[in-house]
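**Student:** Predicted model and sequence follow; I will ask about them next.
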Amino acid sequence: MSHRTKDAITKIQAIIIALVIIIAAIIATYYMLFPPQPTTKEELVLRMSQGDSIVTIDPAICYDYPSTITVEQAYDPLFMPSEEPPYDPIPWVVESYNVSADGLIYTMKIRSGLKFHDGTEVTAEDVAFTMDRYLSIKKGHSGFWIGFIAVGNTTALDKYTVRFNLTKPSNAFIPSLTKFFVMNKKLLLQNKAEGPFGDYGDLGQAWISQGHDAGSGPYMIVSYSPDIGAELVKFNDYWKGWKPNQVDRIKFMVITEEATIKMLLMNKELEMGHAFLSPTTYLTLGNIAYLNLSYGPSINWEPICINTRRPPLDDVHVRRAIAYAINYTDLVNTVFPGAIVGSSLLAPGVFGHDPSIPKFEMNLTKAEEELDQSSYTREQLSQFTLECHWLSGQDADRMVAVALQSACARIGINVEVVSVLWSQMLDRATNPQTTPHFSIWEPWSRYPDPDYYVYSAFHSSQQGRWITQHWFFTDELDALCELQRSTLNSTERQIALKQIQQIVRDNIPIIFVCYRPYYNIRQNYVQGWKYIPYHAWEYWIYRLTIVR
Amino acid sequence: MAYSDYLKRRIVFSIITLIGLSLLIFSLSRLLPGDPARVALGEVATEEQIEALRKELWLDKPLPIQYLKFVYDLLHLRLGLSTLTWRDAWDDIISAFPATLELVIVAMIMASIIGPLLGVISASKTNKFTVTFIKVFGAIGVAVPRFFLCILLQLIFVYWLGFFPMGGRISSGITVPQITGLYLLDSIISLRFDTFIDALHHIVLPAISLALSPIAQLAALTYEKMVNELNKDYVLTLKANKMPKNIILYKYTLKNAFSASLTTIGLFFGVFFEAAFSTEIVFQWPGLARYGARAATRSDFNAVVGCALIIGVMYSISNFIVDLLYGYINPRVAKSYGAAKAL
């Protein structure tokens, strides 16, 4: 009995082992004969990381970096930021335009012969439809135009002429059109699903979300999955034409883990990293011979936003004392190599920047003098514990928070450093009582105009947003913000901008620690990268070539 | 008879659990910090945009109405708009779920085979080295944080040795026929062996990182049970009858020792879904856990509810199956239920 059992088991074991060997042999032979086919050898592929999901590929919905980068490859904007300072918007789909004397009517001639990816021609009707689509969906960058243009107020005068009728003049209108991506009306309506927009159904939103594009940009979206990434191939009929060595295929890969991105770049499995790696990672990678690091000061500030409605920060002398207590040079050298210490709301190079405003500097004597003028006694100040919130995951912001904590300790003020999620920060920013004493975050200018920082950061209509956590609003500031936005006189605008900068500097609702550096890391064989300070345009891949 | 009653009762319990779970998850999701509309539209949004989205998400309605809408949608296989992807959360979950399921199944297979095997080997070996090795391995397997383990595996097997790809489910340029969504299975069904090898190549490291801790726990559990079994009288009798050692180990003692491991394996199925979070993030595995983690940080409550519900359903199903198997392997369980009912 025992022998029979023993034999049977031995046979089973033998059969299993034989099967495993046979299967392994078959698979190995197959693998050797037909190895996985990589992409065509001649194709120039650019693989780039995206640090977060590509939430959408719909131009009317996107506002985040990964989505906007993807959309920018597949769609053409009406205007494009120029590649050199001061990065003024230049006509792109638009060939020429004129503005009425009252600044309310913009008549634009669009280029003839531009083709959408399905071969149909881009017309003025597509432009008018796109504006109405933005305004109806009410997501993404549509906030730039809501309040200025009503649905139906954009009209196609003829095949190539479109007219925008604004309800009030705005200097931000043309710059904001760098985020206006023209969509193919016919294609979207052919693919509309049931939706809330009457005869227009869902305006093609569901169809776009399935990975389709309706653009005329240099690349066509061929695959898309929010958490995996997007793949795009070049559009041969692109109106700007193609030169040798331009990228044939783009692969945006969603990789959230910084260590993984680092290893992929080191393994040459990525051609380029995205914009939000930590400065330390960029600098480490920059030391590798086959990687190319670009960095320098940007126009975006690293702010310490001070809630001016909560004691003791409601006293301007306390705010000034804190500003004098921070060691900016050390902080910049340690955390933001390549950056320059901040001075005003508008960075050097931006229209309206006031060079007469001095840089922030550490001066403990002046800090003490300011405290002497404060309505709070030293003892009262020492009894406060002020909260400083920084965005979880942003290590540089944490280091700024810690520097602020040390600075405040120097003048006898206690600060507690707290990491919060973005959602928490947005939620608390809606009310001055819930907004923390200090908050640190990284703003990015969305369009090439000072209006973005001035109006969105200091006009009282913007209160309750994360960029206005200072709660510093005055009638004078409101009037100046309106003036700089609406005046058609450039000198008058410049004067208004200088006055705003002076008021902000005098009252210190925000400490501009530095103008954050930009960084870009890529393989040496990727050439042509240029820093463009306006939200994702530095990753317009059409500009790049691959020369191995 | 008692077994069928036991079965019915388990089904009723599972349904009640799922209803309670949906209510609990729905309520908890509303406690996530941040206004979902404000978070979804970002810092550029105007109040008008935020209000419009709140209406679209039914956030302007009372909670009971929102729950009824949620149940209605669920019955129609919808979960509501995900503000993470601007699609219905159900569509996202359906596309992410097979990736996680495949990872969990492979990790389960690894854990179920290697864990008990190590336990048996260590119980059968008397030499000190083997026992120490198993114990040290067990301690490391349980103690090392999964996140760290993932990065360590990447460093050794990807960066230094170059044996495996850094992440993802499949190499770019290779397409997988979409049949079940499980790449390994789909490539076999469609006889695409190159794709199978590539998918296997991608899944090895993530599966190891997920399975290591369960392997260690199963090895320790099996070792303990096996040692107990090997000291019992019937084993002495078998040894006295000169029964071969392997037969005693694998045919008699392992079967008895395995019932405890089986329960643990079943529970691991649910645990794997939860544990997949860090693995999926590090290995860029486009699965449910990665999607759910991102949804939670963005206050995307429809997606969070969907993910939690799916994981809850997986737990319930695995528990249900384990209960059935346990009742089958060990009839005393079902009988004891019958006896308890008679009392």
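**Tutor:** Okay, I see it. In this text, all values refer to a predicted model and were calculated from it rather than measured experimentally. Residues are numbered from 1 along each chain as shown, chains lettered A, B, ... in the order given.
**Student:** make it CA atoms for all contacts and neighbour counts henceforth
**Tutor:** OK.
**Student:** Around chain A, which positions in the stretch 101-250 of chain B sit nearby?
**Tutor:** Proximity of the stretch 101-250 of chain B to chain A (C-alpha under 8 Å from any C-alpha of the partner chain) is limited to residues B:151, B:159, B:166, B:168, B:172-174, B:193-195, B:197-198, B:243-244, B:247.
**Student:** Out of the residues you listed, give me the two with the largest separation.
**Tutor:** Farthest-apart pair in these is B:173 and B:243; separation 55.6 Å (C-alpha to C-alpha).
**Student:** and the two? which has more neighbours close in?
**Tutor:** A direct count of neighbours by other C-alpha atoms under 10 Å in any protein chain shown for residue B:173 and residue B:243 places residue B:243 higher, at 17 against 11.
**Student:** roughly how far apart are residue A:191 and chain B?
**Tutor:** The gap separating residue A:191 from chain B is 16 Å, by C-alpha to the nearest C-alpha, to the nearest Å.
**Student:** By residue count, what's the longest helix in chain B?
**Tutor:** Looking across chain B with DSSP state H, the single longest helix is helix B:193-230.
**Student:** angle of the helix or strand following that helix against helix B:193-230?
**Tutor:** Toward the C-terminus, helix B:193-230 is succeeded by helix B:233-240 as the next helix or strand (DSSP states H and E). Following axes from the mean of the first three to the mean of the last three C-alpha atoms, to 10 degrees, one obtains 100 degrees for the angle between helix B:233-240 and helix B:193-230.
**Student:** Now tell me what touches helix B:233-240 from outside.
**Tutor:** Among residues not part of helix B:233-240, those counted as contacts by C-alpha atoms under 8 Å, 6 or more residues apart in numbering or on different chains are B:229, B:230, B:245, B:248, B:253.
**Student:** The first one touches residue B:253, doesn't it?
**Tutor:** This points to residue B:229. Yes: judged on C-alpha atoms under 8 Å, residue B:229 makes contact with residue B:253 at a distance of 5.8 Å.
**Student:** what residues does the stretch 301-450 of chain A put near chain B?
**Tutor:** A:421, A:422, A:423, A:424, A:425, A:426, A:427.
**Student:** list the contacts for the residue nearest to the second one when sequence neighbours are not counted?
**Tutor:** Just to be clear, that refers to residue A:422. For residue A:422, ignoring the flanking residues on the chain, the nearest one in space by C-alpha to C-alpha, 6 or more residues apart in numbering or on different chains is residue A:391 at 6.1 Å. Taking C-alpha under 8 Å, 6+ apart, we find residue A:391 in contact with A:397, A:398, A:419, A:420, A:421, A:422, A:425, A:440, A:441.
**Student:** Next, count neighbours for the first one.
**Tutor:** It stands for residue A:397. For residue A:397, the neighbour count with other C-alpha under 10 Å is 23.
**Student:** Next, the buried residues of the strand or helix carrying it.
**Tutor:** Per DSSP H and E: residue A:397 is located in helix A:395-410. By neighbour count on 16 or more other C-alpha atoms under 10 Å in any protein chain shown, the buried set for helix A:395-410 is A:395-398, A:400-408.
**Student:** residue ranges for the strands of chain B, please.
**Tutor:** Per DSSP state E, chain B carries no strands over any range.
**Student:** quick one: least confident helix or strand in it?
**Tutor:** Scoring the helices and strands of chain B by mean pLDDT, DSSP states H and E places helix B:331-342 at the bottom, with a mean of 60.
**Student:** From the structure, what's the count of residues near the closest residue to residue A:105 other than its chain neighbours?
**Tutor:** Sequence neighbours aside, residue A:165 is the residue nearest to residue A:105 in space, at 4.8 Å (criterion: C-alpha to C-alpha, 6+ apart). Applying other C-alpha under 10 Å, we find 20 other residues in the vicinity of residue A:165.
**Student:** Then residue A:319?
**Tutor:** Using other C-alpha under 10 Å, the number of residues around residue A:319 comes to 24.
**Student:** Which single residue of the stretch 1-150 of chain A ends up nearest chain B?
**Tutor:** Sorted by distance to chain B under C-alpha to the nearest C-alpha, the residues of the stretch 1-150 of chain A start with residue A:55, at 4.6 Å.
**Student:** Just to check, that residue is in contact with residue B:82?
**Tutor:** No: counting by C-alpha under 8 Å, residue A:55 stays clear of residue B:82, with 9.9 Å between them.
**Student:** Wait, residue A:442 touches residue A:303, no?
**Tutor:** Yes: the pair residue A:442 and residue A:303 qualifies as a contact (C-alpha under 8 Å) at a distance of 7.2 Å.
**Student:** Which parts of the stretch 401-548 of chain A are helices?
**Tutor:** According to DSSP state H, counting those that start in this stretch, the stretch 401-548 of chain A carries its helices in the segments A:422-428, A:451-458, A:475-486, A:490-507.
**Student:** quick one on the thing from earlier: what is the most widely separated pair among the contacts of helix B:233-240?
**Tutor:** Among those, the pair separated by the greatest distance (C-alpha to C-alpha) is B:229 and B:245, at 13.5 Å.
**Student:** neighbour count winner among these two?
**Tutor:** Neighbour count, other C-alpha under 10 Å: between residue B:229 and residue B:245, residue B:229 has more, with 20 against 13.
**Student:** Would you mind measuring from that one to residue B:282?
**Tutor:** Noted for residue B:229: a distance of 41 Å to residue B:282, by C-alpha to C-alpha, to the nearest Å.
**Student:** do residue B:156 as well
**Tutor:** Applying C-alpha to C-alpha, one obtains 14 Å for the distance of residue B:156 from residue B:282.
**Student:** cool, residue A:160 as well?
**Tutor:** Applying C-alpha to C-alpha, one obtains 50 Å for the distance of residue A:160 from residue B:282.
**Student:** just residue A:537 next, same as before
**Tutor:** With distances taken as C-alpha to C-alpha, residue A:537 is found 28 Å from residue B:282.
**Student:** about what we covered before: for beta bridges, what are the partners of the residue nearest to residue A:422?
**Tutor:** Taking DSSP bridges, one obtains residue A:420 as the residues bridged to residue A:391.
**Student:** Quick check, pLDDT for it.
**Tutor:** Residue-level confidence at residue A:391 comes out at 89, pLDDT.
**Student:** Then residue B:319?
**Tutor:** Residue B:319 carries a pLDDT value of 79.
**Student:** wait, doesn't it sit right on residue B:268?
**Tutor:** No: with contact defined as C-alpha under 8 Å, residue B:319 and residue B:268 do not form a contacting pair (9.7 Å).
**Student:** if we can go back for a sec, make TSV from the residues of the stretch 301-450 of chain A next to chain B and add neighbour count, pLDDT and distance to residue A:71 to it.
**Tutor:** Written out in TSV, the entries for these read as follows (neighbours: other C-alpha atoms under 10 Å in any protein chain shown; pLDDT from 0 to 100; distance: C-alpha to C-alpha, whole Å):
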residue	neighbour count	pLDDT	distance to residue A:71
A:421	17	84	26
A:422	22	81	24
A:423	23	80	24
A:424	20	84	28
A:425	26	88	27
A:426	24	86	25
A:427	21	85	28
